[in-house]
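Asker: Attaching a predicted model along with its sequence, questions to come.
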Amino acid sequence: MTFNIFIDYLTFKYILYALFRRFNYYITVSQKHTITFLFLSLLSTGFGKFGQNIVQYDDFTWHFIQSKHFDIYYSENGREHAEFTAEEAEIAYLKISDRLNWRLKQRVSIIIYNSHNDFQQTNVIDSYMYEGIGGVTELYKNRVVIPFDASNREFKHVIHHELVHAFINDCVYGGSLRNMLASSVRIQIPMWMNEGLAEYLASGWDTNSEMWIRDMVINGGEFPDINNLNGYMAYRGGQSVWNFITDKWGEESIAEIFYQIKKSNKTVTARVANLGSNNLATDKTVKSTKPWANINGFRSAKFGMTMKEVKKSIRQDFGISDDKITTLIGLSDEEITTINHPTEKTQSLAITIEKLLPDSGKSRVVYVFGYQTKRLIQVNILTGHPVDKKVIAQQVVNSGNLLGNHFFKKRYQEDGLVAHARLSDGSILIFRGKDQKGRMVILRLSNPQSTDENGKDLKISLNLSYIEKPGKPDIYQLREGDF
(Lines give C-alpha, C1' and ligand atoms only; values in the text may rest on other atoms or scores of the structure.)
Protein backbone atom coordinates (compact mmCIF):
# COMPACT_ATOMS: atom_id res chain seq x y z
CA MET A 1 0.00 0.00 0.00
CA THR A 2 2.73 2.42 1.01
CA PHE A 3 4.84 1.41 -2.02
CA ASN A 4 1.92 1.95 -4.40
CA ILE A 5 1.23 5.38 -2.94
CA PHE A 6 4.89 6.27 -3.32
CA ILE A 7 4.86 5.20 -6.99
CA ASP A 8 1.68 7.23 -7.61
CA TYR A 9 3.29 10.19 -5.91
CA LEU A 10 6.34 10.03 -8.19
CA THR A 11 4.09 9.58 -11.22
CA PHE A 12 2.09 12.64 -10.21
CA LYS A 13 5.28 14.68 -9.81
CA TYR A 14 6.44 13.55 -13.25
CA ILE A 15 3.10 14.53 -14.86
CA LEU A 16 3.20 17.97 -13.27
CA TYR A 17 6.79 18.45 -14.35
CA ALA A 18 5.93 17.43 -17.91
CA LEU A 19 2.99 19.83 -17.96
CA PHE A 20 5.19 22.59 -16.64
CA ARG A 21 7.79 22.03 -19.35
CA ARG A 22 5.15 21.70 -22.07
CA PHE A 23 3.49 25.00 -21.35
CA ASN A 24 6.69 26.71 -20.26
CA TYR A 25 4.72 28.75 -17.78
CA TYR A 26 6.45 31.24 -15.56
CA ILE A 27 5.58 31.12 -11.86
CA THR A 28 6.22 34.53 -10.35
CA VAL A 29 7.21 34.48 -6.72
CA SER A 30 8.55 37.30 -4.54
CA GLN A 31 9.31 37.70 -0.86
CA LYS A 32 8.05 41.26 -0.80
CA HIS A 33 4.54 42.63 -0.97
CA THR A 34 2.37 40.55 -3.31
CA ILE A 35 2.93 37.37 -5.27
CA THR A 36 1.11 35.61 -8.06
CA PHE A 37 0.68 31.84 -7.62
CA LEU A 38 0.20 30.02 -10.90
CA PHE A 39 -0.13 26.22 -10.93
CA LEU A 40 0.33 26.40 -7.17
CA SER A 41 -2.85 24.55 -6.27
CA LEU A 42 -1.46 21.48 -8.05
CA LEU A 43 2.26 21.94 -7.58
CA SER A 44 2.07 22.33 -3.81
CA THR A 45 0.64 18.80 -3.56
CA GLY A 46 3.57 17.33 -5.45
CA PHE A 47 6.33 19.61 -4.23
CA GLY A 48 5.46 20.39 -0.62
CA LYS A 49 8.10 21.71 1.77
CA PHE A 50 9.01 20.09 5.06
CA GLY A 51 8.49 22.10 8.25
CA GLN A 52 6.20 24.68 6.63
CA ASN A 53 2.75 23.17 7.10
CA ILE A 54 -0.27 25.45 7.35
CA VAL A 55 -1.65 25.38 10.88
CA GLN A 56 -5.36 26.22 11.05
CA TYR A 57 -6.22 26.94 14.66
CA ASP A 58 -9.25 29.22 14.09
CA ASP A 59 -12.69 28.35 12.80
CA PHE A 60 -13.81 31.10 10.43
CA THR A 61 -17.45 31.88 9.78
CA TRP A 62 -17.63 33.33 6.28
CA HIS A 63 -20.03 35.89 4.84
CA PHE A 64 -19.99 37.62 1.49
CA ILE A 65 -21.18 40.74 -0.31
CA GLN A 66 -21.30 41.41 -4.04
CA SER A 67 -20.37 44.37 -6.17
CA LYS A 68 -20.95 44.67 -9.88
CA HIS A 69 -17.98 42.47 -10.86
CA PHE A 70 -16.71 40.89 -7.63
CA ASP A 71 -17.74 38.54 -4.82
CA ILE A 72 -16.08 39.63 -1.59
CA TYR A 73 -15.82 37.08 1.23
CA TYR A 74 -15.10 38.13 4.81
CA SER A 75 -15.13 36.59 8.28
CA GLU A 76 -16.21 37.89 11.67
CA ASN A 77 -15.71 41.64 12.21
CA GLY A 78 -14.59 42.01 8.61
CA ARG A 79 -17.64 43.72 7.10
CA GLU A 80 -15.96 47.13 7.01
CA HIS A 81 -12.94 45.72 5.18
CA ALA A 82 -15.25 43.98 2.69
CA GLU A 83 -17.17 47.17 1.92
CA PHE A 84 -13.90 49.07 1.46
CA THR A 85 -12.69 46.30 -0.85
CA ALA A 86 -15.89 46.38 -2.92
CA GLU A 87 -15.56 50.10 -3.50
CA GLU A 88 -11.85 50.02 -4.35
CA ALA A 89 -12.21 46.92 -6.53
CA GLU A 90 -14.76 48.65 -8.75
CA ILE A 91 -12.53 51.72 -9.01
CA ALA A 92 -9.62 49.46 -9.96
CA TYR A 93 -11.84 47.63 -12.46
CA LEU A 94 -12.54 50.82 -14.41
CA LYS A 95 -8.87 51.77 -14.60
CA ILE A 96 -7.44 48.32 -15.37
CA SER A 97 -10.09 47.44 -17.94
CA ASP A 98 -9.42 50.73 -19.70
CA ARG A 99 -5.63 50.21 -19.80
CA LEU A 100 -5.88 46.57 -20.92
CA ASN A 101 -8.94 47.17 -23.10
CA TRP A 102 -10.47 44.10 -21.50
CA ARG A 103 -13.64 43.29 -19.57
CA LEU A 104 -13.66 40.36 -17.15
CA LYS A 105 -15.44 37.36 -18.63
CA GLN A 106 -16.45 36.04 -15.23
CA ARG A 107 -16.78 37.33 -11.69
CA VAL A 108 -13.69 37.32 -9.49
CA SER A 109 -13.77 36.23 -5.85
CA ILE A 110 -11.83 38.32 -3.33
CA ILE A 111 -11.24 36.73 0.07
CA ILE A 112 -10.39 39.12 2.90
CA TYR A 113 -8.66 38.15 6.15
CA ASN A 114 -8.66 40.49 9.14
CA SER A 115 -4.95 40.09 9.85
CA HIS A 116 -1.81 38.50 8.51
CA ASN A 117 -2.02 35.79 11.19
CA ASP A 118 -5.45 34.84 9.85
CA PHE A 119 -4.09 35.04 6.30
CA GLN A 120 -1.41 32.47 7.16
CA GLN A 121 -4.18 29.95 7.89
CA THR A 122 -5.74 30.20 4.42
CA ASN A 123 -6.50 26.99 2.56
CA VAL A 124 -7.19 28.78 -0.73
CA ILE A 125 -3.49 28.43 -1.46
CA ASP A 126 -1.76 25.29 -0.25
CA SER A 127 1.43 27.11 0.64
CA TYR A 128 2.66 28.95 3.71
CA MET A 129 2.19 32.74 3.59
CA TYR A 130 5.41 34.31 4.84
CA GLU A 131 5.62 37.68 6.53
CA GLY A 132 5.88 40.38 3.87
CA ILE A 133 3.46 38.71 1.46
CA GLY A 134 0.71 41.28 1.06
CA GLY A 135 -1.68 39.27 -1.09
CA VAL A 136 -2.10 36.37 -3.49
CA THR A 137 -3.81 35.81 -6.84
CA GLU A 138 -4.07 32.17 -7.86
CA LEU A 139 -4.85 30.88 -11.34
CA TYR A 140 -6.74 27.71 -10.43
CA LYS A 141 -9.99 29.65 -9.97
CA ASN A 142 -8.58 33.16 -10.40
CA ARG A 143 -9.22 34.11 -6.77
CA VAL A 144 -7.63 36.98 -4.88
CA VAL A 145 -6.69 36.54 -1.21
CA ILE A 146 -5.69 39.61 0.82
CA PRO A 147 -5.07 40.28 4.52
CA PHE A 148 -5.82 43.63 6.13
CA ASP A 149 -2.63 44.84 7.81
CA ALA A 150 -4.02 47.90 9.63
CA SER A 151 -3.30 50.38 6.81
CA ASN A 152 -6.06 51.42 4.43
CA ARG A 153 -3.48 52.99 2.13
CA GLU A 154 -1.50 49.76 1.79
CA PHE A 155 -4.72 47.73 1.64
CA LYS A 156 -5.92 49.84 -1.28
CA HIS A 157 -2.60 49.40 -3.07
CA VAL A 158 -2.70 45.61 -2.69
CA ILE A 159 -6.30 45.43 -3.95
CA HIS A 160 -5.39 47.34 -7.12
CA HIS A 161 -2.15 45.36 -7.54
CA GLU A 162 -3.76 41.93 -7.21
CA LEU A 163 -6.66 42.78 -9.52
CA VAL A 164 -4.15 43.51 -12.28
CA HIS A 165 -3.07 39.87 -11.95
CA ALA A 166 -6.71 38.75 -12.00
CA PHE A 167 -7.24 40.70 -15.23
CA ILE A 168 -4.12 39.22 -16.83
CA ASN A 169 -5.23 35.72 -15.80
CA ASP A 170 -8.65 36.33 -17.34
CA CYS A 171 -7.37 38.06 -20.46
CA VAL A 172 -4.37 35.89 -21.32
CA TYR A 173 -5.11 32.53 -19.69
CA GLY A 174 -8.90 32.35 -19.83
CA GLY A 175 -9.50 32.96 -16.13
CA SER A 176 -8.60 29.51 -14.78
CA LEU A 177 -6.07 26.71 -15.00
CA ARG A 178 -8.64 24.48 -16.72
CA ASN A 179 -9.23 27.04 -19.47
CA MET A 180 -5.51 27.54 -19.84
CA LEU A 181 -4.91 23.82 -20.36
CA ALA A 182 -7.91 23.48 -22.68
CA SER A 183 -6.71 26.35 -24.84
CA SER A 184 -3.11 25.08 -24.99
CA VAL A 185 -1.82 28.47 -23.97
CA ARG A 186 1.97 28.60 -24.41
CA ILE A 187 2.59 32.17 -23.36
CA GLN A 188 5.40 33.01 -20.99
CA ILE A 189 4.94 36.39 -19.29
CA PRO A 190 8.15 37.49 -17.56
CA MET A 191 7.98 38.37 -13.92
CA TRP A 192 8.99 41.99 -14.53
CA MET A 193 6.11 42.42 -16.98
CA ASN A 194 3.51 40.90 -14.67
CA GLU A 195 4.58 42.40 -11.33
CA GLY A 196 5.83 45.63 -12.89
CA LEU A 197 2.48 46.31 -14.57
CA ALA A 198 0.63 45.51 -11.33
CA GLU A 199 2.76 48.06 -9.49
CA TYR A 200 2.48 50.63 -12.26
CA LEU A 201 -1.30 50.45 -12.50
CA ALA A 202 -1.66 50.34 -8.71
CA SER A 203 0.44 53.43 -7.97
CA GLY A 204 1.71 54.91 -11.23
CA TRP A 205 5.29 56.14 -11.09
CA ASP A 206 5.67 57.43 -7.54
CA THR A 207 8.48 59.18 -5.70
CA ASN A 208 9.43 56.06 -3.72
CA SER A 209 10.01 54.04 -6.88
CA GLU A 210 11.86 56.96 -8.45
CA MET A 211 14.20 57.16 -5.47
CA TRP A 212 14.65 53.39 -5.30
CA ILE A 213 15.69 53.13 -8.94
CA ARG A 214 17.89 56.22 -8.77
CA ASP A 215 19.66 54.95 -5.67
CA MET A 216 20.14 51.58 -7.38
CA VAL A 217 21.69 53.22 -10.44
CA ILE A 218 23.95 55.55 -8.45
CA ASN A 219 25.01 53.37 -5.54
CA GLY A 220 24.15 49.82 -6.54
CA GLY A 221 26.54 49.36 -9.43
CA GLU A 222 25.40 48.29 -12.87
CA PHE A 223 21.63 48.19 -13.34
CA PRO A 224 20.47 44.72 -14.47
CA ASP A 225 19.19 44.29 -18.01
CA ILE A 226 15.51 43.67 -18.60
CA ASN A 227 15.84 39.88 -18.76
CA ASN A 228 17.40 39.80 -15.28
CA LEU A 229 14.74 41.80 -13.45
CA ASN A 230 13.89 39.11 -10.93
CA GLY A 231 12.84 39.03 -7.28
CA TYR A 232 12.14 42.47 -5.83
CA MET A 233 13.73 44.07 -8.91
CA ALA A 234 10.84 42.66 -10.94
CA TYR A 235 8.54 44.99 -9.01
CA ARG A 236 10.52 48.24 -9.07
CA GLY A 237 12.47 47.53 -12.25
CA GLY A 238 9.37 46.31 -14.07
CA GLN A 239 7.46 49.36 -12.87
CA SER A 240 10.16 51.61 -14.33
CA VAL A 241 10.02 49.74 -17.66
CA TRP A 242 6.25 50.23 -17.90
CA ASN A 243 6.69 53.88 -16.96
CA PHE A 244 9.15 54.25 -19.84
CA ILE A 245 6.88 52.42 -22.27
CA THR A 246 3.81 54.48 -21.45
CA ASP A 247 5.75 57.74 -21.40
CA LYS A 248 7.18 57.00 -24.83
CA TRP A 249 4.21 55.35 -26.57
CA GLY A 250 1.25 56.30 -24.41
CA GLU A 251 -0.82 54.18 -22.01
CA GLU A 252 -2.76 52.75 -24.94
CA SER A 253 0.39 50.72 -25.68
CA ILE A 254 -0.38 48.46 -22.67
CA ALA A 255 -3.48 47.04 -24.33
CA GLU A 256 -1.68 46.73 -27.66
CA ILE A 257 1.17 44.75 -26.10
CA PHE A 258 -1.16 42.23 -24.47
CA TYR A 259 -3.22 41.99 -27.65
CA GLN A 260 -0.09 41.07 -29.60
CA ILE A 261 0.91 38.57 -26.88
CA LYS A 262 -2.45 36.79 -27.08
CA LYS A 263 -2.43 36.93 -30.87
CA SER A 264 1.02 35.36 -31.17
CA ASN A 265 0.50 32.85 -28.29
CA LYS A 266 4.27 32.86 -27.83
CA THR A 267 6.83 34.05 -25.37
CA VAL A 268 7.02 37.80 -24.96
CA THR A 269 10.81 38.11 -24.89
CA ALA A 270 10.92 40.19 -28.07
CA ARG A 271 7.56 41.93 -27.73
CA VAL A 272 8.85 45.08 -26.08
CA ALA A 273 11.61 45.42 -28.65
CA ASN A 274 8.95 45.69 -31.35
CA LEU A 275 7.02 48.55 -29.78
CA GLY A 276 8.08 50.90 -32.53
CA SER A 277 6.55 48.76 -35.27
CA ASN A 278 3.47 49.62 -37.28
CA ASN A 279 1.31 47.87 -34.69
CA LEU A 280 1.87 50.82 -32.35
CA ALA A 281 2.14 54.54 -32.83
CA THR A 282 5.64 55.61 -33.82
CA ASP A 283 7.78 57.69 -31.51
CA LYS A 284 7.19 60.79 -33.62
CA THR A 285 3.42 60.34 -33.63
CA VAL A 286 3.17 59.88 -29.88
CA LYS A 287 5.48 62.77 -29.13
CA SER A 288 3.18 65.02 -31.09
CA THR A 289 0.33 64.12 -28.70
CA LYS A 290 2.18 65.75 -25.81
CA PRO A 291 1.73 69.50 -25.50
CA TRP A 292 4.85 71.57 -26.12
CA ALA A 293 6.47 73.05 -23.06
CA ASN A 294 6.15 76.82 -22.79
CA ILE A 295 9.10 78.15 -20.80
CA ASN A 296 8.27 81.85 -20.58
CA GLY A 297 9.29 82.69 -17.02
CA PHE A 298 8.04 81.77 -13.55
CA ARG A 299 4.38 82.12 -12.68
CA SER A 300 3.20 85.62 -13.67
CA ALA A 301 6.76 86.97 -14.06
CA LYS A 302 7.51 86.61 -17.78
CA PHE A 303 10.73 86.98 -19.73
CA GLY A 304 11.15 90.51 -21.07
CA MET A 305 9.47 92.20 -18.10
CA THR A 306 11.11 95.20 -16.44
CA MET A 307 12.08 95.14 -12.78
CA LYS A 308 9.03 97.23 -11.90
CA GLU A 309 6.75 94.77 -13.70
CA VAL A 310 8.37 91.78 -11.99
CA LYS A 311 7.93 93.39 -8.58
CA LYS A 312 4.24 93.71 -9.37
CA SER A 313 4.18 90.01 -10.34
CA ILE A 314 5.89 89.07 -7.09
CA ARG A 315 3.23 90.94 -5.14
CA GLN A 316 0.57 89.13 -7.16
CA ASP A 317 2.14 85.65 -6.86
CA PHE A 318 3.14 85.75 -3.20
CA GLY A 319 0.99 88.48 -1.64
CA ILE A 320 3.84 90.74 -0.58
CA SER A 321 2.75 94.26 0.38
CA ASP A 322 4.15 97.40 -1.24
CA ASP A 323 5.93 98.54 1.92
CA LYS A 324 8.08 95.39 1.79
CA ILE A 325 9.32 96.06 -1.73
CA THR A 326 12.76 97.57 -1.38
CA THR A 327 16.15 97.79 -3.04
CA LEU A 328 18.12 97.42 0.17
CA ILE A 329 20.10 94.29 1.00
CA GLY A 330 19.83 92.22 4.18
CA LEU A 331 16.13 92.55 5.00
CA SER A 332 13.90 89.77 6.31
CA ASP A 333 13.17 86.62 4.32
CA GLU A 334 9.77 87.82 3.15
CA GLU A 335 11.15 91.00 1.60
CA ILE A 336 12.60 91.44 -1.85
CA THR A 337 16.36 91.89 -2.05
CA THR A 338 18.28 93.45 -4.93
CA ILE A 339 21.54 91.76 -5.92
CA ASN A 340 24.23 93.09 -8.30
CA HIS A 341 26.41 90.47 -9.98
CA PRO A 342 30.07 91.62 -9.85
CA THR A 343 31.23 90.15 -13.18
CA GLU A 344 28.12 89.61 -15.30
CA LYS A 345 26.82 93.10 -14.42
CA THR A 346 23.29 91.76 -14.11
CA GLN A 347 20.82 92.81 -11.44
CA SER A 348 18.56 90.42 -9.55
CA LEU A 349 15.57 90.46 -7.25
CA ALA A 350 15.57 87.72 -4.62
CA ILE A 351 12.91 86.54 -2.24
CA THR A 352 12.60 83.61 0.18
CA ILE A 353 9.30 81.71 0.12
CA GLU A 354 8.02 79.18 2.65
CA LYS A 355 6.80 75.87 1.15
CA LEU A 356 6.94 76.75 -2.52
CA LEU A 357 6.38 73.01 -2.97
CA PRO A 358 4.65 70.71 -0.43
CA ASP A 359 7.04 69.82 2.42
CA SER A 360 9.97 71.48 0.64
CA GLY A 361 10.84 73.96 3.39
CA LYS A 362 12.08 77.37 2.34
CA SER A 363 13.02 78.23 -1.25
CA ARG A 364 15.00 81.19 -2.61
CA VAL A 365 13.60 82.62 -5.84
CA VAL A 366 15.98 84.88 -7.81
CA TYR A 367 14.82 86.94 -10.82
CA VAL A 368 17.77 87.93 -13.06
CA PHE A 369 17.68 91.01 -15.34
CA GLY A 370 19.92 91.45 -18.38
CA TYR A 371 23.01 93.66 -18.49
CA GLN A 372 21.88 95.66 -21.52
CA THR A 373 18.10 95.20 -21.74
CA LYS A 374 17.44 95.48 -17.99
CA ARG A 375 14.64 92.98 -18.53
CA LEU A 376 13.98 89.53 -17.05
CA ILE A 377 16.22 86.89 -18.67
CA GLN A 378 16.36 84.11 -16.08
CA VAL A 379 14.72 82.78 -12.91
CA ASN A 380 16.64 80.59 -10.45
CA ILE A 381 14.98 78.70 -7.60
CA LEU A 382 17.08 77.14 -4.85
CA THR A 383 15.53 74.65 -2.40
CA GLY A 384 17.30 72.89 0.46
CA HIS A 385 20.73 73.80 1.82
CA PRO A 386 21.77 76.55 2.55
CA VAL A 387 18.40 78.33 2.20
CA ASP A 388 16.78 76.03 4.78
CA LYS A 389 19.21 74.28 7.09
CA LYS A 390 16.41 72.47 8.91
CA VAL A 391 14.97 70.66 5.89
CA ILE A 392 15.95 66.99 5.63
CA ALA A 393 17.55 65.53 2.51
CA GLN A 394 14.57 63.30 1.65
CA GLN A 395 12.28 66.34 1.47
CA VAL A 396 14.55 67.95 -1.10
CA VAL A 397 14.77 64.74 -3.13
CA ASN A 398 10.99 64.39 -3.09
CA SER A 399 10.66 67.93 -4.41
CA GLY A 400 13.08 67.05 -7.23
CA ASN A 401 11.05 63.97 -8.16
CA LEU A 402 7.82 65.97 -8.13
CA LEU A 403 9.25 68.62 -10.44
CA GLY A 404 10.94 66.07 -12.70
CA ASN A 405 7.67 64.20 -13.22
CA HIS A 406 5.95 67.51 -13.97
CA PHE A 407 8.44 68.42 -16.69
CA PHE A 408 8.28 64.95 -18.27
CA LYS A 409 4.62 65.52 -19.13
CA LYS A 410 5.53 68.08 -21.78
CA ARG A 411 7.27 67.93 -25.15
CA TYR A 412 10.76 69.35 -25.74
CA GLN A 413 13.32 69.66 -28.51
CA GLU A 414 15.40 66.51 -28.86
CA ASP A 415 18.56 68.60 -29.07
CA GLY A 416 19.96 68.93 -25.57
CA LEU A 417 17.21 66.88 -23.90
CA VAL A 418 18.66 65.13 -20.82
CA ALA A 419 17.07 63.19 -17.96
CA HIS A 420 18.64 61.61 -14.85
CA ALA A 421 22.28 62.13 -15.78
CA ARG A 422 25.13 61.90 -13.26
CA LEU A 423 27.49 64.88 -13.64
CA SER A 424 31.24 64.90 -12.99
CA ASP A 425 30.84 66.86 -9.75
CA GLY A 426 28.57 64.17 -8.32
CA SER A 427 25.32 66.09 -8.80
CA ILE A 428 22.36 64.69 -10.73
CA LEU A 429 20.88 66.46 -13.72
CA ILE A 430 17.26 65.43 -13.18
CA PHE A 431 16.02 67.22 -16.26
CA ARG A 432 17.09 69.62 -19.01
CA GLY A 433 14.97 70.57 -21.99
CA LYS A 434 14.21 73.38 -24.47
CA ASP A 435 10.86 74.49 -25.78
CA GLN A 436 10.16 75.40 -29.43
CA LYS A 437 11.70 78.86 -28.99
CA GLY A 438 14.90 77.49 -27.46
CA ARG A 439 14.10 78.61 -23.92
CA MET A 440 15.48 76.16 -21.38
CA VAL A 441 14.54 74.58 -18.06
CA ILE A 442 17.26 72.93 -15.95
CA LEU A 443 16.65 70.90 -12.78
CA ARG A 444 19.72 69.75 -10.88
CA LEU A 445 20.16 67.97 -7.54
CA SER A 446 23.45 68.46 -5.74
CA ASN A 447 24.46 65.56 -3.52
CA PRO A 448 27.76 66.24 -1.74
CA GLN A 449 29.30 63.41 0.22
CA SER A 450 28.46 63.32 3.91
CA THR A 451 31.28 63.58 6.46
CA ASP A 452 29.15 61.66 8.96
CA GLU A 453 29.04 57.89 8.45
CA ASN A 454 25.28 57.94 9.15
CA GLY A 455 24.71 60.67 6.56
CA LYS A 456 23.13 63.03 9.11
CA ASP A 457 25.01 66.10 7.86
CA LEU A 458 24.13 65.52 4.19
CA LYS A 459 23.53 68.92 2.61
CA ILE A 460 21.43 68.50 -0.52
CA SER A 461 20.18 71.39 -2.63
CA LEU A 462 17.80 71.47 -5.57
CA ASN A 463 18.47 74.04 -8.29
CA LEU A 464 15.80 74.93 -10.83
CA SER A 465 16.46 77.47 -13.59
CA TYR A 466 14.30 78.94 -16.35
CA ILE A 467 16.52 80.58 -18.99
CA GLU A 468 15.33 82.73 -21.91
CA LYS A 469 18.44 82.52 -24.12
CA PRO A 470 20.81 79.81 -22.86
CA GLY A 471 23.17 80.24 -25.84
CA LYS A 472 23.26 84.06 -25.81
CA PRO A 473 22.75 85.36 -22.29
CA ASP A 474 22.45 89.11 -21.80
CA ILE A 475 25.48 89.50 -19.53
CA TYR A 476 28.62 91.62 -19.62
CA GLN A 477 31.35 89.99 -21.71
CA LEU A 478 34.74 91.17 -22.88
CA ARG A 479 34.77 91.88 -26.59
CA GLU A 480 37.16 90.15 -28.95
CA GLY A 481 40.37 92.18 -29.25
CA ASP A 482 39.89 94.28 -26.09
CA PHE A 483 42.72 92.43 -24.37
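Answerer: Ah, there it is.

Asker: All the strands of the stretch 1-150 of the chain, residue numbers only.
Answerer: Ranges of strands in the stretch 1-150 of the chain, per DSSP state E, counting those that start in this stretch, are 33-37, 63-66, 70-74, 108-113, 133-138, 143-147.

Asker: show me what contacts the residue nearest to the spatial centre of the chain?
Answerer: Nearest to the geometric centre of the chain sits Trp205, at 1.8 Å (CA atoms, centre = their mean). Residues near Trp205 by CB atoms under 8 Å, 6 or more residues apart in numbering: Gln239, Ser240, Asn243, Asn405. (C-beta placed from N, C-alpha, C; glycine too.)

Asker: redo that, cut-off 10 Å
Answerer: By CB atoms under 10 Å, 6 or more residues apart in numbering, the residues touching Trp205 are Glu199, Ile213, Gln239, Ser240, Trp242, Asn243, Phe244, Thr246, Asp247, Asn401, Asn405, Phe408.

Asker: what would these look like in JSON lines with pLDDT?
Answerer: Converted to JSON lines, the contacts of Trp205 look like this (pLDDT from 0 to 100):
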{"residue": "Glu199", "pLDDT": "92"}
{"residue": "Ile213", "pLDDT": "80"}
{"residue": "Gln239", "pLDDT": "90"}
{"residue": "Ser240", "pLDDT": "88"}
{"residue": "Trp242", "pLDDT": "91"}
{"residue": "Asn243", "pLDDT": "88"}
{"residue": "Phe244", "pLDDT": "87"}
{"residue": "Thr246", "pLDDT": "87"}
{"residue": "Asp247", "pLDDT": "83"}
{"residue": "Asn401", "pLDDT": "84"}
{"residue": "Asn405", "pLDDT": "84"}
{"residue": "Phe408", "pLDDT": "84"}
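
Asker: where does the stretch 151-300 of the chain dip in pLDDT?
Answerer: Applying pLDDT under 70 to the stretch 151-300 of the chain flags the ranges 175-186, 220-223, 265-289.

Asker: residue boundaries of the helices in it?
Answerer: Under the criterion DSSP state H, counting those that start in this stretch, the stretch 151-300 of the chain contains helices at 152-173, 177-182, 191-203, 207-219, 232-249, 252-264, 283-287.

Asker: same deal with the stretch 351-483 of the chain?
Answerer: Ranges of helices in the stretch 351-483 of the chain, per DSSP H, counting those that start in this stretch, are 393-408.

Asker: Measure how buried the residue lying closest to Lys409 once chain neighbours are set aside is and give me the count.
Answerer: Among residues not flanking Lys409 along the chain, Lys290 sits closest, at 7.1 Å (CB to CB, 6 or more residues apart in numbering). When counting by other CB atoms under 10 Å, one arrives at 14 neighbours for Lys290.

Asker: State the distance from Lys290 to Gly250.
Answerer: Counting by CB to CB, to the nearest Å, the gap from Lys290 to Gly250 is 9 Å.

Asker: try Tyr232
Answerer: Between Tyr232 and Gly250 the distance, using CB to CB, works out to 28 Å.

Asker: next one: His420
Answerer: Distance, His420 to Gly250, using CB to CB: 21 Å.

Asker: next one: Asp435
Answerer: Distance from Asp435 to Gly250, by CB to CB: 21 Å.

Asker: Pass me the low-pLDDT residue ranges in the stretch 351-483 of the chain, would you?
Answerer: Counting by pLDDT under 70, the stretch 351-483 of the chain has low-confidence residues at 447-458.

Asker: let's see 90
Answerer: Applying pLDDT under 90 to the stretch 351-483 of the chain flags residues 354-355, 357-361, 385-386, 388-402, 404-406, 408-411, 414-431, 445-460, 471, 477-483.

Asker: ok, which stretches of it are strands?
Answerer: Under DSSP E, counting those that start in this stretch, the stretch 351-483 of the chain gives strands at 362-369, 376-384, 418-422, 428-434, 440-446, 461-467.

Asker: picking up where we left off before, compare the strands of the stretch 1-150 of the chain and give me the one nearest Val164.
Answerer: Taking CB to CB, strand 133-138 is the member of the strands of the stretch 1-150 of the chain nearest to Val164, at 8.6 Å.

Asker: so that closest one versus helix 152-173, what angle?
Answerer: If you take axes from the mean of the first three to the mean of the last three CA atoms, to 10 degrees, strand 133-138 sits at 20 degrees to helix 152-173.

Asker: Could you pull up the residues touching the nearest residue to Arg107 once chain neighbours are set aside?
Answerer: Nearest-residue entry for Arg107: Asp71, 5.7 Å, with adjacent residues in sequence omitted and distances by CB to CB, 6+ apart. Shown in contact with Asp71 (CB under 10 Å, 6+ apart): Phe64, Ile65, Ala86, Arg107, Val108, Ser109, Ile110, Ile111, Arg143.

Asker: per-residue confidence for the last one?
Answerer: In the prediction, the pLDDT value recorded for Arg143 is 90.

Asker: burial of it, as a residue count?
Answerer: Arg143: 22 neighbours (other CB under 10 Å).

Asker: Grab the nearest non-local neighbour of it.
Answerer: Ser109 (4.6 Å).

Asker: distance between the ends of stretch 199-218?
Answerer: Taking CA to CA, to the nearest Å as the measure, stretch 199-218 stretches 22 Å from start to finish.

Asker: Which residues belonging to it are considered buried?
Answerer: For stretch 199-218, burial by neighbour count (16 or more other CB atoms under 10 Å) applies to 199-202, 205-207, 209-210, 212-214, 216.

Asker: Equivalent analysis for stretch 474-483, please.
Answerer: Within stretch 474-483, the residues scored as buried using 16+ other CB under 10 Å are Asp474, Ile475.

Asker: Identify the residues contacting it?
Answerer: By CB under 10 Å, 6+ apart, stretch 474-483 touches 341-346, 368-375, 377-378, 468.

Asker: hmm, 8 Å instead?
Answerer: Residues from elsewhere that reach stretch 474-483 (CB under 8 Å, 6+ apart): His341, Thr343, Glu344, Lys345, Thr346, Gly370, Tyr371, Gln372, Thr373, Ile377.

Asker: And stretch 372-383, by the same measure?
Answerer: With contact meaning CB under 8 Å, 6+ apart, stretch 372-383 is reached by 297-298, 301-307, 310, 346-347, 356-357, 360-370, 391, 396, 399, 461-469, 473-474.
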